[in-house]
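Everything below, folded, please.
(one chain, ligands or ions: 1)
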Amino acid sequence: MIEVAVVGAGISGLSVAWHLSQKGYRVLVFEKEEVPGGNIQTLRKDRYLLELGPQTILADKKVEEFFSQVGIKPEHAKESSKIRYVYKKGRLIPLPLSPLSFFTSPLLSLGSKLRVLKEPFVPPSPKSEESVAEFVRRRLGREFLDYIVAPFISGVYAGDPEELSVKHAVRRVYELEQKFGSLIKGAIKLRALGPGGRLVSFPGGNHALIEHLSSKLEVDTENVVLRIRRKEDRYVLEAKKGKYEAKSVVVTAPATSAGYLLRDISWSASQEFDKVYYAPVVVVHVVVESGAVPPGFGFLVPRVEGKRMLGVLFSSQLFEGRAPEGKELLTVYLGGATDPELVEQEEETIKATVEKELREILSVGKVEILHTTRWKKAIPQYTLGYGKYLELAQTLEGENPGLFLAGNYLFGVSVSDCIRASYQVAKKVEEYLSGAPD
Ligand SMILES: Cc1cc2nc3c(=O)[nH]c(=O)nc-3n(C[C@H](O)[C@H](O)[C@H](O)COP(=O)(O)OP(=O)(O)OC[C@H]3O[C@@H](n4cnc5c(N)ncnc54)[C@H](O)[C@@H]3O)c2cc1C
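Numbering: from 1, shown residues only. Next up is the predicted model:
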């Protein structure tokens, strides 16, 4: 008998499985694909190393601790990755990193900078929940939204700030208003506004983390789980390779798949989870000559600039070994919640768009398109009213002892969020198993 069945071998599933296997439980991870990793996929093509999903992991103390516990050494991004650019009217403008550079930067107009100074005096909203756009327009003004926050939202969620909930999508910022009445006052008190930590990857790319974790676990690939039912105090998993009984189950598949799997346990929850919207993203890997881009992390393109690109990462500048000498590997992101149709476009149209816009923005001559990846359901959008999904997950767990839900649609969309959440999820499973009948 399996003690813990984990559905999904993405970072959420593997990290929860790792904690529990360390405690001595018999854990079996079910994965529908041939290769584990979910969104984390690294590809070697010619002499380039391409990240098809996440490029960098923002590792705070807890995440660094996880890497050291599992026994893998991350590679830190180069110092120049602190420089990030925003595209405005034909130029790449460095994102200001200090209050002084904010006031001297050409990124925002003088009127907009003065508007930011009024932020501490803006009263809270009477509305129970605001979109990110409403919140930022109210507190910091329209230009701040267009040129700083909206591009940031593109970078993290490929999202639409008019649709995302400030409370669920950028909780830390929302809490600053709740606790301090002002983002500026809160940031000064806490001495930080941005997320803390260092950007990391691994020699050989992010999939090295997946391979490392998988090598320490029992991961059954190409064994899709089709249905989960309750049988007294056990769970029965009907999968491609057969039927399995488990004392507990951790479902880390995306919301829509999780809902489908759990249809016998809760029909209404399965209907609701099916509504979680995942924005599509197109990732295009491009090669240009060295020196074509300035030193830095990459640039974001505000929607108001009228381009289709969301942003570009200077991948070969972040970590060693991403491109051969003399070449620069760039990763271009397009689509997202504000341009969802792009994912359905012909390959030639996508390539032509990338070439045209890169030439316009970087003034590069030769652009070689190396690889295109279409993520039809890339990133879950924590939209207005998202709390209902979180409550639903809690209710499902409460009504079904031994059933646990995890994944990037519940505890945050970054790889680090998934790793941090794995500690709490594993703890809940352990508490259940230590009191569960034999
Ligand atoms: C293009 C892109 C770029 C990103 N960039 C970054 C970044 O730079 N930094 C960052 O921190 N995050 C980034 N993210 C987000 C991050 O990669 C994901 O949120 C995270 O990897 C999700 O992990 P997960 O395990 O929760 O889900 P997933 O990775 O989706 O894993 C779920 C797994 O469940 C499996 N599965 C589904 N249904 C079943 C079933 N019925 N039976 C068995 N298995 C099943 C799937 O095959 C999959 O392997 C990016 C995401 C994308 C798509």
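
Return the distance of Val122 relative to the ligand.
31 Å (CB to the nearest ligand atom, to the nearest Å). Every C-beta, even on glycine, is put in place using the N, C-alpha and C of the backbone.

try Leu300
Distance, Leu300 to the ligand, by CB to the nearest ligand atom: 13 Å.

how about the residues of the chain that lie near the ligand?
7-13, 30-33, 38-40, 53-57, 224-225, 252-254, 257, 261, 281, 283, 375, 378-379, 407-408, 413-416, 418 (CB under 6 Å from any ligand atom).

Just these: which are in strands?
7, 30, 57, 225, 281, 283, 375, 378-379 (DSSP state E).

Could you check which residue of the stretch 201-350 of the chain lies nearest the ligand?
Nearest to the ligand in the stretch 201-350 of the chain, going by CB to the nearest ligand atom, is Ala253, at a distance of 3.3 Å.

Ramachandran angles for the nearest residue to that residue once chain neighbours are set aside?
Nearest non-adjacent residue to Ala253, counting by CB to CB, 6 or more residues apart in numbering: Gly8, 4.5 Å away. Phi and psi for Gly8, reported as degrees, to the nearest 10, are phi 110, psi 120.

so how many other residues sit close to Gly8?
Other residues within reach of Gly8, judged by other CB atoms under 10 Å, total 28.

in this structure, what secondary structure element scores lowest on mean pLDDT?
Ranking every helix and strand in the chain by mean pLDDT, DSSP states H and E puts helix 183-190 at the bottom, with a mean of 85.

Narrow the residues of the chain next to the ligand to those that are buried.
With burial judged by 16 or more other CB atoms under 10 Å, the buried subset of the residues of the chain next to the ligand is 7-13, 30-32, 38-40, 53-57, 224-225, 252-254, 257, 261, 281, 283, 375, 378-379, 407-408, 413-416, 418.

circling back to that earlier point, adding pLDDT and distance to Pro294, write the ones in strands among the residues of the chain next to the ligand out as TSV.
What follows is these, written out as TSV (pLDDT from 0 to 100; distance: CB to CB, whole Å):
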residue	pLDDT	distance to Pro294
Val7	98	44
Phe30	98	45
Ile57	98	24
Val225	98	47
Val281	98	25
Val283	98	22
Trp375	98	28
Ala378	98	28
Ile379	98	27
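
Turn the residues you listed into CSV, columns for distance to Glu211.
Below are those laid out as CSV (distance: CB to CB, whole Å):
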residue, distance to Glu211
Val7, 20
Phe30, 18
Ile57, 15
Val225, 22
Val281, 24
Val283, 21
Trp375, 21
Ala378, 22
Ile379, 23
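
Which one of those is nearest to Ser80?
Here the nearest of these to Ser80, counting by CB to CB, is Ile57; it sits at 18.0 Å.

May I have the residues that are in contact with Glu4?
You called it Glu, but residue 4 is Val. Shown in contact with Val4 (CB atoms under 8 Å, 6 or more residues apart in numbering): 17, 20, 25-28, 246-250, 429, 433.
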